[in-house]
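**Q** Give me a model of this one.
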Amino acid sequence: MMKKVFSFVVLSVLLMMLLNNVEKSNAATCNPQELLPCAAFLSSGAKPSVACCSKLKAQQPCFCGYAKNPSLGQYINSPNARKVASACGISIPKC
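**A** All right, here's what the predicted structure looks like:
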């Protein structure tokens, strides 16, 4: 349980830090912080919530940009991210 909480906190901090790295042209639509409802599911691989799926669908056009970001790519390309996306009916594009 402590490991999951720690993973969630680390992921949350990373996502918040990355907000400073998002290009201004993409800031209105591509916001990694919008994926925070998915953080717990990305670290555990558990079935995602409706809120998580909704955020993933809204951020889907941003996935390639996130995948190319050295700080986010490991999360977008992880096996758990693919499981969560699949459970939400979303595919992660090959970029």
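**Q** List of residues touching stretch 72-88?
**A** Applying C-beta atoms under 8 Å, 6 or more residues apart in numbering, the external contacts of stretch 72-88 come out as 11, 14-15, 18, 32, 38, 41-45, 47-48, 52-53, 56-57, 63, 66-67, 91-92. Using the backbone N, CA and C atoms, a C-beta is placed for each residue, glycine as well.
**Q** for this protein, which residue is closest to the average position?
**A** The centre of the chain sits closest to Leu35, judged by C-alpha atoms, centre = their mean, with a distance of 4.7 Å.
**Q** That one and Leu56 touch, don't they?
**A** Yes: between Leu35 and Leu56 there is a contact at 7.2 Å, judged by C-beta atoms under 8 Å.
**Q** what residues are shared contacts of the two?
**A** With C-beta under 8 Å, 6+ apart, Leu35 and Leu56 have no common neighbours.
**Q** Endpoints of stretch 70-89, how far apart?
**A** Using C-alpha to C-alpha, to the nearest Å, the end-to-end distance of stretch 70-89 comes to 26 Å.
**Q** list the buried ones in it?
**A** Neighbour counts over stretch 70-89 (16 or more other C-beta atoms under 10 Å) mark 72, 75-76, 81, 83-85, 87-88 as buried.
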